[in-house]
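Chemist: Here's my sequence, what's the structure:
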Amino acid sequence: MTYVDLKYINILSGHLSLFKRKSNNLFNFRCPFCGDSQKNKLKARGYVYAKENKYSFKCHNCGTTSSIGNLIKHVDTNLFKEYRMEAFVNKDRVVREKPKEITFSKREYHFKTPLKSLKKISQLQYNHPAKEYVQKRKIPNEYHRKLYYAPYFAKFVNSIIPRKLSEENDEPRLVIPFFDEYENLIGLQGRSFSKNSIRYITIMIEEDKPKIFGLDEVDWTKRVYVLEGPIDSMFIDNSIAMIGADGGAYINSKKNHDVVLVFDNEPKSSMIQKKLSRHVDEGFSVCVWPSFLQYKDINDMILSGMTKVEILNIINVNTFQDLNAKMKLVEWSKL
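Modeler: You can find the predicted model right below:
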């Protein structure tokens with residue numbers, strides 16, 4: 001890969017909508033040739049990638065492919081003239097390692113932009129209903145700046161994905177964002193404050209991404225706890241939460257890591273029993289809650305007065321694998 005190509009990708013990034021660096025030699029942004037998706041303004045399907053010692057461009061929306069030079073020329077003809085001259089002068093200069101003198105400035109991740117229209121829970125008045133709800137559930141203070149309040153949830157969702165939800169009988173909701181490993185907003189969950197509404201509405205902005213909360217902060221070099229709900233995961237360090245069964249394929253890709261599945265304490269639930277049994281067959285460790293514990297989930301345990309340390313200790317002591325896990329699940333189902 002030439003030094004000049006890498007340098008001008010950096011310069012060009014300021015001209016490209018939703019630009020982000022996904023890895024050392026992979027860059028993503030909205031395609032400047034077709035304008036990318038017209039239905040979802042947060043879709044970015046243009047890519048610059050390294051192959052055979054050079055960078056190339058491809059759009060997965062319109063199918064356009066081009067060299068870096070042609071990409072630059074299409075976006076900025078004056079910049080292309082500079083690029084062409086410098087490329088000629090440095091034609092034999094090759095980047096064998098990431099050059100220290102070229103730094104890609106840390107950008108505001110584009111998928112965070114829609115959330116700017118909402119107030120964080122930490123910004124609300126102490127007596128605000130959403131603030132009171134979060135405090136009532138004893139959600140840790142550090143998450144108050146990561147959760148948002150949408151006074152009209154459907155209207156907010158439709159500002160991201162047009163006509164996604166009906167705005168008839170629109171209502172306020174607590175917004176729980178889902179970010180990927182690169183801190184891009186890939187989805188969100190709206191939690192109703194009313195007992196008469198659907199409790200959770202999950203919206204995926206990136207349909208090909210796993211429905212998992214916490215990917216932006218999890219450390220896979222340490223033990224990772226996989227829970228059923230985002231709010232429960234806020235009480236367990238280094239945890240993520242699967243939303244339904246849709247995150248299963250992603251979790252299966254992490255078999256070589258230290259992963260513990262922690263589901264709700266519902267021994268009579270055939271669905272939970274089947275899921276835990278399946279994960280044991282897949283080689284995962286699972287938490288089988290002890291018989292003395294009467295609370296349904298981790299948030300209930302916190303509300304009862306238990307501490308995060310106490311709960312984590314119970315999880316670790318009651319984590320089993322293989323045959324031991326199978327035997328414990330049988331005992332648990334009889335409670």
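
Chemist: C-alpha only now, for contacts and for neighbours.
Modeler: Noted.

Chemist: Tell me where the stretch 151-300 of the chain has strands.
Modeler: For the stretch 151-300 of the chain, the strands defined by DSSP state E, counting those that start in this stretch occupy 173-179, 185-192, 200-204, 212-213, 224-227, 239-242, 259-261, 285-287.

Chemist: Just send those back as CSV, with mean neighbour count too.
Modeler: Shown next, in CSV, are these (neighbours: other Cα atoms under 10 Å):
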stretch, mean neighbour count
strand 173-179, 23
strand 185-192, 21
strand 200-204, 16
strand 212-213, 30
strand 224-227, 24
strand 239-242, 24
strand 259-261, 23
strand 285-287, 25
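
Chemist: and the end-to-end length of stretch 20-33?
Modeler: 18 Å (Cα to Cα, to the nearest Å).

Chemist: Any buried residues in that stretch, and which?
Modeler: Using 16 or more other Cα atoms under 10 Å as the test for burial, stretch 20-33 gives 20, 21, 27, 28, 29, 30, 31, 33.

Chemist: Just want the phi and psi numbers for the second one.
Modeler: Taking degrees, to the nearest 10, you get phi -100, psi 120 for the backbone angles of residue 21.

Chemist: Now do the contacts for residue 200.
Modeler: Contact analysis of residue 200 by Cα atoms under 8 Å, 6 or more residues apart in numbering lists 189, 190, 191, 192.

Chemist: now, which of the residues you listed sits nearest residue 154?
Modeler: Distance to residue 154 across the contacts of residue 200 (Cα to Cα) is lowest for residue 190, with 9.4 Å.

Chemist: Ignoring the adjacent residues along the chain, who's closest to that closest one?
Modeler: Using Cα to Cα, 6 or more residues apart in numbering and skipping residues adjacent in sequence, the residue nearest residue 190 is residue 175, 4.7 Å away.

Chemist: Make a markdown table out of the contacts of residue 200 and add distance to residue 153 and pLDDT.
Modeler: Output for these, formatted as a markdown table (distance: Cα to Cα, whole Å; pLDDT from 0 to 100):
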| residue | distance to residue 153 | pLDDT |
| --- | --- | --- |
| 189 | 10 | 97 |
| 190 | 7 | 97 |
| 191 | 10 | 97 |
| 192 | 9 | 96 |
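
Chemist: Just list the residues touching residue 67, thanks.
Modeler: Residue 67 touches 55, 56, 57, counting by Cα under 8 Å, 6+ apart.

Chemist: Please enumerate the helices of the stretch 1-150 of the chain.
Modeler: Per DSSP state H, counting those that start in this stretch, the stretch 1-150 of the chain carries helices over the ranges 3-12, 68-75, 77-89, 129-136.

Chemist: residue contacts, residue 58?
Modeler: Applying Cα under 8 Å, 6+ apart, the residues contacting residue 58 are 46, 47, 48, 64, 65, 66.

Chemist: From residue 11, how far out is the second one?
Modeler: Going back to what we said before, that points to residue 47. Distance from residue 47 to residue 11, counting by Cα to Cα: 16 Å.

Chemist: How about the third one?
Modeler: With distances defined as Cα to Cα, the gap from residue 48 to residue 11 amounts to 14 Å.

Chemist: In the buried residues of stretch 20-33, find the pair that's most separated.
Modeler: Longest span within these, Cα to Cα: 21 and 33, 19.4 Å.

Chemist: domain assignment for this structure?
Modeler: Using automatic domain parsing, the domain parsing of the chain gives 3-107, 108-209, 212-335.

Chemist: What residue, apart from its backbone neighbours, is nearest residue 173 spatially?
Modeler: Per Cα to Cα, 6+ apart, closest to residue 173 is residue 192, 4.8 Å.
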